[in-house]
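> Quick one, fold the following:
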Amino acid sequence: MTGNLGEDGTEKVRMGRIGSRPYWVLSFSIAIRALHLVGASVFLSSFLLPENGRPPSLYTAIVFGSGAALLFTEWMRHRQICRELSGASTLLKLVLLGGAFHGFLPAREAVLVVFVLAALASHAPKLVRHRLLF
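Below is the predicted model of the structure:
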C-alpha cells in the first residue's frame, strides 16, 4: 500500500480522537486493572474448574464493576473508543458473556474465548488497539 504512507515511509494509521486525562486517572486505572485481573481470574476459574460451580457473586461484581471503570478511564483518553479495536472487542466480549449467561452459548467455551480475546486485544500494540475500524 504505497498510497497510504507517511513522510517517513511508514503506513499511516487512522487513530481515534485523543483527549486529555489527568495523570492521577492513569495511576488509578493501573490499580483498577490489577483488581480487574484478580476478579477475572476467579471468574474464569469458576468456569474451568468443575468443583467451583457458579462464579462467586463478589468476584462477578468486581470484574464487571472494574471493567466498566476501565472502559470509562480509557474513554477519557480515547474518545472514539467504540470505533476502535479495543472498544469493539469489549462490546464483543459483553455479547459473548451475555450469550453464555442466557444459555445461547456454552458457558465454559464462551468465557474462555472472552479471555483469549481480552488477552489479544489488551496486548496488541497501541497502533493496532486504537486504530479506527470505521
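> Which residue is the nearest non-sequential neighbour of the residue most central in space within the chain?
For the chain, the residue sitting closest to the mean C-alpha position, by Cα atoms, centre = their mean, is Thr90 at 4.6 Å. Closest residue to Thr90 apart from its sequence neighbours, by Cβ to Cβ, 6 or more residues apart in numbering: Leu71 at 6.1 Å. From N, CA and C alone the C-beta is placed, and that goes for glycine too.
> With Gly99 instead?
Nearest residue to Gly99, sequence neighbours excluded (Cβ to Cβ, 6+ apart): Leu105, at 4.0 Å.
> for Ser29, same thing?
Closest to Ser29 by Cβ to Cβ, 6+ apart is Thr73, at 4.1 Å.
> wait, doesn't that neighbour sit right on Val25?
Yes - between Thr73 and Val25 there is a contact at 5.6 Å, judged by Cβ atoms under 8 Å.
> more crowded one of these two?
Between Thr73 and Val25, Thr73 has the larger neighbour count (other Cβ atoms under 10 Å), namely 18 against 14.
> name the element that one belongs to?
Using DSSP states H and E, Thr73 sits within helix 57-77.
> name the helices or strands packed onto the very next helix or strand once past that helix?
Remark: after helix 57-77, the chain's next helix or strand is helix 85-101, criterion DSSP H and E. Packed against helix 85-101 by the contact rule (3 or more Cβ pairs under 8 Å, 6 or more residues apart in numbering; DSSP states H and E) you find helix 57-77, helix 107-123, helix 126-129.
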